[in-house]
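Peer 1: With the sequence up front, the predicted model follows.
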Amino acid sequence: MLGLEFHHLGLAVRQPQDGITFLKSLGYAIGERVVDPEQNVQLIMCTHAAMPAVEIVAPTGTPGPVDAQVARHSNGVVYHMCYTTRDLAVSLQKMTEAGLRPWCVAPPKPAVLFDGLRVSFYNILGVGLIEIIELS
């Protein structure tokens, strides 16, 4: 209905190893760590054959978007859900028509972890933060 497909959960942690240890023990495959200068975060995509993908997100050491999350939740927190879309404008219009009132927190920009596909973040009233990856 909204033109969105689930992609992953975002797990904010102080240190990547905290998330790696937990997810490895659940049988997740741990991807390579990348630093995304556009997002100013460290990222590791973790996948599992039977469970949702999890993106480990950690600070870089300079002020960035997850600092407040890890300051408030020192043991880590799942803080966003990510979806893909083939048409961002249509998905946003459909969310607005459904009364979800998406508020842009971070406008679209290329993401290193997703081979340069554009990602953006929206706060959805009553739901929280979502990330949207543009596939086209």
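Peer 2: Received it, and whenever you're ready, just let me know what you need.
Peer 1: And the strands in the chain?
Peer 2: Counting by DSSP state E, the chain has these strands, from start to end: 5-12, 29-30, 34-36, 41-47, 54-58, 77-85, 103-110, 118-124, 128-134.
Peer 1: And the shortest one, what does it pack against?
Peer 2: Strand 29-30 is packed against helix 16-25, strand 41-47, with contacts defined by 3 or more CB pairs under 8 Å, 6 or more residues apart in numbering; DSSP states H and E. Where C-beta positions appear, they are placed from N, C-alpha and C, glycine not excepted.
Peer 1: ok, and the closest non-adjacent residue to Gln69?
Peer 2: Ala12 (4.1 Å; CB to CB, 6 or more residues apart in numbering).
Peer 1: For Leu43, see how far away the one you found is.
Peer 2: Taking CB to CB, to the nearest Å as the measure, Ala12 and Leu43 are separated by 11 Å.
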